[in-house]
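**Q** pasting the structure only:
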C-alpha cells in the first residue's frame, strides 16, 4: 500500500482518501482541501495506517472510492479520531451479486485482463469523463496494476465483512456507474443503514470528487 500527501501544512484536521484499484494520487491532485490531505492507493499489500501520521491530527475525515471503500472499512474502523466517512461508488461487499460487482464479472475482468482490456475498462469506468481521466492517468504499469487486482481478490475473498464495524455517514452513488451498478450500491447501503445520495455520473467522476471531497 502506498500513500502520498497532496497537502501537508500542519493543520489539525486530516482528510484521508482511499482510491480505487489501478489508480494513484494523480486523479485527486487538483482537489482543493483546507485540511491536510493524504491519498492511499495500490493495495497489493494492505497494511495498517502509520499511527505516527494519525497522532498529529485532532480530526480525521475518511473518503473512499470504488474498491477503496472495502479497504477503508478494514483499516479505519478502529480509529477514534475519524469523525466522518463518505463512500463514493463502492460498497462494503465489493464482490457480491446483489451488493457489489457480480463475482462472475469480477473473475472475468481479472482472467481476461491485458493492456487492451484495461483500456476498455477505463472507458467503461469513466464514460464521458474519459478525456479528463486520461489527463491524470496513473503513473503505474500494467503488471503492477494486475498484481494489485489479484491481491485484492485474495484478501477480499478471505475477509468478508458481515456487517460494518464503523459508521458511514453517506454513500454517493453514480446512476451511470457501469462497474458498481447503482442498484447494487443502493442494496448495500440500505442494508448498512447509511444515507444515500444519487448523482447522474459514471464510476469515475472528477466533478463528483470535487463536490464531495472536502
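**A** Okay, I see it. Note that the coordinates shown come from a computational prediction; the quantities given were computed from them, not determined experimentally.
**Q** The most centrally placed residue in the chain and residue 40, how far apart?
**A** In the chain, the centroid-proximal residue (CA atoms, centre = their mean) is residue 65; its distance is 2.4 Å. To residue 40, residue 65 is 11 Å away according to CB to CB, to the nearest Å. For glycine as for every other residue, the C-beta is placed from the backbone atoms N, C-alpha and C.
**Q** Now the least confident helix or strand in the chain by mean pLDDT: buried residues?
**A** Within the chain, no helix or strand scores below helix 51-54, which has a mean of 90 by mean pLDDT, DSSP states H and E. Neighbour-count burial for helix 51-54 flags 53-54 (criterion: 16 or more other CB atoms under 10 Å).
**Q** So what's the gap between that helix and the chain middle?
**A** In this view, helix 51-54 has its centroid 21 Å away from the chain centroid, taken as CA atoms, centre = their mean, to the nearest Å.
**Q** List of residues touching that helix?
**A** For helix 51-54, the external contacting residues (CB atoms under 8 Å, 6 or more residues apart in numbering) are 14, 38, 60, 79, 81.
**Q** which one among those gets closest to residue 5?
**A** The closest of these to residue 5 turns out to be residue 38 (CB to CB; 5.0 Å).
**Q** So that closest one: helix, strand or coil?
**A** Secondary structure assignment for residue 38 (DSSP: H, G, I helix; E, B strand; the rest coil): strand.
**Q** ok, back up a step: mind putting the contacts of helix 51-54 into CSV with distance to residue 110, pLDDT and secondary structure?
**A** As requested, the contacts of helix 51-54 are exported to CSV (distance: CB to CB, whole Å; pLDDT from 0 to 100; DSSP: H, G, I helix; E, B strand; the rest coil):
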residue, distance to residue 110, pLDDT, secondary structure
14, 33, 97, strand
38, 28, 98, strand
60, 32, 97, strand
79, 31, 92, coil
81, 35, 94, coil
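**Q** Out of these, which end up buried?
**A** When those are checked for burial by 16+ other CB under 10 Å, the buried set is 14, 38, 60.
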